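Enquirer: Kindly generate the corresponding structure for this input.
(2 chains)
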There are 2 protein chains.
Amino acid sequence: MSEMEDYLDAHFEEALEDLKAFCRIPSVSTDTAYIDGIAAAADFVADRLRRAGFSAVELLKTGGHPAVYGELIGDPSLPTFLVYGHYDVQPPDPLDKWQTPPFEPTVRDGRLYARGVSDDKGPLLISILVAEAFMKTDGRLPVNLKVLIEGEEESGSPHFEATLETFRDKLDCDLVISADGAMWRPDRPSMTVASRGLVAMDVSVTGAAKDLHSGRHGGSAPNPIRALATLLASLHGDDGRVAVDGYLDDTAPPDPSIIAAIEAAEFDAGAYYRDIGVSAPLPVTDGRELLIRQWLEPTLEFNGIAGGYQGEGTKTVIPSSASAKITCRLIAGQKPEHILSVVGRHLQARLPAGFTLDIHRHGPGSEAFFVDPDLPALEVAEGVLEELLGQKPLRVAMGATIPIGAAFRKHLGREAIFFSFSTSDEDYHAPNEFFRLANFRIGLTAWTMLLTRLGRAGA
Amino acid sequence: MSEMEDYLDAHFEEALEDLKAFCRIPSVSTDTAYIDGIAAAADFVADRLRRAGFSAVELLKTGGHPAVYGELIGDPSLPTFLVYGHYDVQPPDPLDKWQTPPFEPTVRDGRLYARGVSDDKGPLLISILVAEAFMKTDGRLPVNLKVLIEGEEESGSPHFEATLETFRDKLDCDLVISADGAMWRPDRPSMTVASRGLVAMDVSVTGAAKDLHSGRHGGSAPNPIRALATLLASLHGDDGRVAVDGYLDDTAPPDPSIIAAIEAAEFDAGAYYRDIGVSAPLPVTDGRELLIRQWLEPTLEFNGIAGGYQGEGTKTVIPSSASAKITCRLIAGQKPEHILSVVGRHLQARLPAGFTLDIHRHGPGSEAFFVDPDLPALEVAEGVLEELLGQKPLRVAMGATIPIGAAFRKHLGREAIFFSFSTSDEDYHAPNEFFRLANFRIGLTAWTMLLTRLGRAGA
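Expert: Numbers count the residues shown, from 1 in each chain, chains lettered A, B, ... in the order given. Down below sits the predicted model:
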C-alpha cells in the first residue's frame, strides 16, 4: 500500500491533467451535434486503458454509440471484476448559467468544474488510474479486471441490455463494480444497495366518438375528463399510498440495514419540502416516513395528463377522450407485468358507464434492483469507506431506477455494487457540475484498498 | 290576410333570389380574410331594409363588426317589437365536404344549400320580406318594428351587450322577437323558452415550485395531477350529477310545460348515444331523464385538463402544477357569482396537504334565460304555429346558452321570444348547410300572422 500511495501522490497532478483532458471532450450522447465528441471520448478511454496496461481493448458495437472494453487478466485463479462506467455526459445547457465554460475544466476552491466531471468521467477514471498504478508499482493487479465503459447512459442506455447479451462471454465476471452512482450526501459515506424498478403506461378514456358542444350535451354525454379524474383519484388512499388490490403481492419487508440507515439519517422533512418549494401544509411531516416512502415503498405517479381544450380562455367542448401518463416505481418482488395487470383490473372495474378504457404500456419496464445484503464484497467496500472516512457508511436506497444493476443480474447473472466518489450535490445534471478533488484523491486510495482486499477476500 | 298571402306567393321567386343574393356574400365573422364579406352583408341588410320601407336605417358602431339598425314606426300607439338576427355566418371549412360551394346557393330537393342560409340569413330575411309585403299591400304594419341585425354572433357577440347599453334608447321596445334560434326537431313544431346560463373557470393546483424527478421524489413530493384528479372526481356523484353543497341554492322547480314537452317528446336515449358514437354501456338509459339533464339541470363540465408531460413516450416528472378548464351551465335562479363561490369552497375544503389552489374566472358569465311562461306573445306565437303546422308546439329548453335573451332583459329590460324557421338538423355549423324552402314559405306566413295578431293582442 505504501508504495501505491506514494505513486498515486506523486502522479496526482498528472491524474488531474488526464481528467481535465477527458472533460475537454464534449461527449454529449443525446444530441447528434456532439457525435465527434462521443467518438473522441471513446477513443480517449480506449487509449487510456491501453496506456494503463489493459489488453484486448476495443470499441464494442452496440447499435448506438460504442462501448469501450478492456481487460487485465493476470492470474486466472484470482476473482474477476467488471468495472462499469460511462464516458457520455449530460447536455451542457443552459450555457449562460455556467461560471466557466462546461468543456473548459477549471479548478476553484478544491473543486474541478466541468460537464461530466462528476458523472461519470472522474469516478470512472479513478478505476483506470488505480489499475495503472498497480501495474507500475507491483507489475500486476491483486484481481483480474474487465472494464466496460458505455456511451449512452445519459440517453437511457437503449442498447445496453442487448450489448450485455451479445458480449456475455467476454463480459463474464464474478462481480460488477460500478464507478457510476453517487454518494447520497457529502457529509456521510453511503453505499447504494437498492433502487426501485419501473413500469410505464398511458391510460386513456374515450366517451363519444367526437368532440361535443358542452352546452347542448352537458349533463347527458359522457365526459372522459370526469371519468379519467375518477379513475386516477381511486388509485391512491388519502395518505397518498397506492390503493390497488394486489399491488404489494410478492413483496418482502425491506432490508433492515436500510431501515437502520434511515433512522441514522435523521432526515428533516421540513427542510426537504422547503428545498423543493412546497409552501403549503406538508404531506408528510416525519422524516423517517418520508425516506421510507422515497426508498422502500412502491409508487404510482402521474407524469402527465391531457384532454380537451388547453389554450387561452374557454372552449365549450366535451372532448372525445382524455389520457394520463403513469409511471410506477417498484420494490423488490414486484413484477412489471403483474403491476400492469392489477392496475388495469382496478381501473376497468371502476370505469363508469359510457366509456371505454385503453392502457398502453411503454417498454418492458424493470424490476427493482437490490444488492444481496450478505454479499462479501459489500462488506469489504463498506470496510474501506469506514476506514478511510471514519464513519460506517449508511446503506441507502434510491427512489429512482438504476437499470444497470438489474441488467447485469439478468444478462450476466452477476451482482453489482456501486463504488463511486461523486456525491449527489455535485450538480451533475445542471450547470456548474463539479467534482471534489478531495474525493478524487480519496477515491484513488479507496479503489486501491478495495481491489487489494477483494483480491484476498474474493467476490 | 288573403291579400298578404297572394302578395307573398306572387313574390316568392323574388324572395328566393333575395336570399340567394344574401347567401352569395361570404360574411364569415371569425376570420379577417372575410372582412369585405362582412361589410357587403351589412350593406345588403341596410339596403334591403330601405327597399322594404324601413327608415332611420344605419350601421351602428359596435367596436367590432357593425350592427344594422332600421325602424318602421307607423303608429306610436301600437306596440313596438325589436327583431333580432345576425348577418354573419360560420366559416365554411372543410370546403371539400361541400357538395356545392358554400357561397354558391343551390336548390336541391326543396332545400337551398349555402353557408348561413339557415343560420341566420333565411330566417332573418323572412321578417324583412313580411314587413315589405305589409307595406306594399296595406301601406302600413300592424305593429311598430325595429330591427337589429348584428355581425358578430358566430364570434360570440363580444360587443353585443355594450351595443345594447349604448343604444338602449334607440332600441327601446315592448318585446324582442328573435329570428335566430332553431326548432328543436324537424318533425314537431317547438318554441324555445329556456336556455341554461354559464360560468367558466380554470382550476389549477400547484405542488412543488419546480418539476421534480418522479423516481427520486416519487412517494414523497406532492403530485398536483393526483390532487387535481381527486378534486375533480369529488365534484359529481356516481350518477353524474353535480355534488357541490349549495349548487342548487335559489333554484326553483322547472316550468311544468317543459316537463310536459319532454314527456311528449318520447326521446330515445339509445338513439342519442348511437348518434354521438358512444358504444359502451349507456350512462343514462331513460330518454325522459336524459332530456331533463340536458335542459333542466345544471352541469359542471370539464372542457380541458393539462399537466406535466404530454409528448410521445414517457418522462419521469412530477410536474409543479396541473389545471382544468370548467364550464358550469346554470338553471333559473343560479347566479354565476354564487356558483363560483360554492365550487371554490368545495375544492378548497378537499385540497390535500402539500398543494395550493388557484381559481381563475373567465368573464362575468350569464344567468339562465327563460321566457315568462305567461307572456301573452308566447301564446300568440304558439297559436300561430299550431294553426299553421297542425300540432301544438312543444315548449323546449336548450342545454346551451343563448346570451342574447339574458342580454335583452338586462340592458333593455325586455323579454324575448324565439320565432325562427330553421331547424336544428340543417347542419348550420357543418358542411352542406341548408334551409328548407317549405319552411321559408311557412315562415313568411307565420310572421305575417304573428305580427297581425300581436298588433291586436299587444306584447
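
Enquirer: Could you use CA atoms for every contact and neighbour count after this?
Expert: Will do.

Enquirer: Just the pLDDT at the closest residue to A:F419 other than its chain neighbours, thanks.
Expert: Distances taken as CA to CA, 6 or more residues apart in numbering or on different chains place A:A179 nearest to A:F419, at 5.5 Å, with adjacent residues excluded. We have a pLDDT of 96 for A:A179.

Enquirer: Quick one: neighbours of the closest residue to A:A332 other than its chain neighbours, just the number.
Expert: Distances taken as CA to CA, 6+ apart place A:A368 nearest to A:A332, at 5.1 Å, with adjacent residues excluded. A:A368 has 26 neighbours, counted by other CA atoms under 10 Å in any protein chain shown.

Enquirer: A:A368 and A:T401, how far apart?
Expert: Using CA to CA, to the nearest Å, we find A:A368 at a distance of 7 Å from A:T401.

Enquirer: Kindly report the same for A:S77.
Expert: From A:S77 to A:T401 the distance is 35 Å (CA to CA).

Enquirer: try A:A229
Expert: According to CA to CA, A:A229 stands 27 Å off from A:T401.

Enquirer: Repeat that for A:S27.
Expert: Using CA to CA, one obtains 23 Å as the distance from A:S27 to A:T401.

Enquirer: between A:A229 and A:T401, who's got more neighbours?
Expert: Remark: of A:A229 and A:T401, A:A229 carries more neighbours, 25 against 21, as counted by other CA under 10 Å.

Enquirer: How about the more buried one: what's its closest non-neighbour residue?
Expert: Sequence neighbours aside, B:A229 is the residue nearest to A:A229 in space, at 4.3 Å (criterion: CA to CA, 6+ apart).

Enquirer: so which strand or helix has that neighbour?
Expert: Element membership for B:A229, per DSSP states H and E: helix B:224-233.

Enquirer: Please save the CA atoms from the very next helix or strand once past that helix in CSV.
Expert: Following helix B:224-233 in sequence order, the next helix or strand is helix B:256-265 (DSSP H and E). Presented in CSV, the C-alpha positions along helix B:256-265 are these (Å, rounded to 0.1, in the frame of the first residue of the first chain):
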residue,chain,number,x,y,z
PRO,B,256,-94.2,22.3,-15.9
SER,B,257,-94.9,23.0,-19.6
ILE,B,258,-91.3,22.0,-20.4
ILE,B,259,-91.7,18.8,-18.4
ALA,B,260,-94.8,18.1,-20.4
ALA,B,261,-92.9,18.7,-23.6
ILE,B,262,-90.2,16.3,-22.5
GLU,B,263,-92.8,13.7,-21.8
ALA,B,264,-94.5,14.3,-25.2
ALA,B,265,-91.1,14.1,-27.0
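
Enquirer: Distance from the chain centre to the helix or strand that helix B:256-265 is followed by, please.
Expert: Next in sequence after helix B:256-265, counting helices and strands by DSSP H and E, comes helix B:269-276. Relative to its chain's centre, helix B:269-276 lies at 22 Å (CA atoms, centre = their mean, to the nearest Å).

Enquirer: Which positions in the stretch 301-450 of chain A make contact with chain B?
Expert: Within the stretch 301-450 of chain A, the positions near chain B by CA under 8 Å from any CA of the partner chain are A:301-310, A:313-319, A:325, A:327, A:329, A:352-356, A:362, A:398-401.

Enquirer: Mind checking which of those residues are buried?
Expert: A:301-310, A:314-319, A:325, A:327, A:329, A:352-356, A:362, A:398-401 (16 or more other CA atoms under 10 Å in any protein chain shown).

Enquirer: Please determine how far A:S422 is located from A:L388.
Expert: 15 Å.

Enquirer: Just want to know which of these two has more residues nearby.
Expert: Using other CA under 10 Å, the more surrounded residue of A:S422 and A:L388 is A:S422, with 29 against 16.

Enquirer: ok, the more buried one - contacts?
Expert: A:S118, A:D119, A:G122, A:P123, A:G181, A:A182, A:M183, A:F435, A:R436, A:N439 (CA atoms under 8 Å, 6 or more residues apart in numbering or on different chains).

Enquirer: out of those, what pair is the most spread apart?
Expert: The distance between the two most remote of the contacts of A:S422 (CA to CA) is 15.0 Å, for A:G181 and A:R436.

Enquirer: Where do the domain boundaries of chain A fall?
Expert: A:2-195+A:368-457, A:197-251+A:298-366 (automatic domain parsing).

Enquirer: what's the offset of the first one from the middle of its chain?
Expert: Its chain's C-alpha centre and that of domain A:2-195+A:368-457 lie 13 Å apart, by CA atoms, centre = their mean.

Enquirer: related to what we said a few turns ago, per-residue confidence at the residue nearest to A:A332, what does it come out as?
Expert: Looking at A:A368, the pLDDT reads 92.

Enquirer: Which parts of the stretch 251-400 of chain A are helices?
Expert: With DSSP state H, counting those that start in this stretch as the criterion, the stretch 251-400 of chain A has helices at A:256-265, A:269-276, A:287-295, A:336-350, A:376-389.

Enquirer: Quick check, A:I38 in contact with A:S27.
Expert: Yes. In this structure, A:I38 is within contact of A:S27 by CA atoms under 8 Å, at 4.4 Å.

Enquirer: So those two - more neighbours on which side?
Expert: Per other CA under 10 Å, whichever of A:I38 and A:S27 has more neighbours is A:S27, with 29 against 25.

Enquirer: Contacts only, for that one.
Expert: A:S27 makes contacts with A:Y34, A:I35, A:D36, A:G37, A:I38, A:A39, A:A40, A:A41, A:Y87, A:D88, A:V89, as judged by CA under 8 Å, 6+ apart.

Enquirer: got it, and A:H65?
Expert: Neighbours of A:H65 in contact, by CA under 8 Å, 6+ apart: A:S29, A:I38, A:E150, A:G151, A:E152.

Enquirer: As CSV, those with secondary structure and distance to chain B would be great.
Expert: Below are these laid out as CSV (DSSP: H, G, I helix; E, B strand; the rest coil; distance: CA to the nearest CA, whole Å):
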residue, secondary structure, distance to chain B
A:S29, coil, 18
A:I38, helix, 24
A:E150, strand, 22
A:G151, coil, 21
A:E152, coil, 17
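
Enquirer: Most neighbours of all those residues, which one?
Expert: Most crowded among those, counting by other CA under 10 Å, is A:G151 at 28 neighbours.

Enquirer: Without its sequence neighbours, what residue ends up closest to A:D119?
Expert: That would be A:Y428: by CA to CA, 6+ apart, it lies 5.9 Å from A:D119.

Enquirer: isn't the one you found right up against A:K121?
Expert: No. Taking CA under 8 Å as the definition, A:Y428 is not a contact partner of A:K121, at 11.1 Å.

Enquirer: Not counting sequence-adjacent ones, nearest residue to A:K392?
Expert: A:E386 (4.6 Å).

Enquirer: now the closest residue in space to A:R329 that isn't next to it in sequence: how far from B:A438?
Expert: Spatial nearest neighbour of A:R329, chain neighbours left out: A:L198 (4.6 Å); criterion: CA to CA, 6+ apart. Per CA to CA, A:L198 is found 66 Å from B:A438.

Enquirer: Looking at these two, which is more packed in?
Expert: Each of A:L198 and B:A438 has its neighbours counted (other CA under 10 Å); A:L198 has more, 28 against 11.
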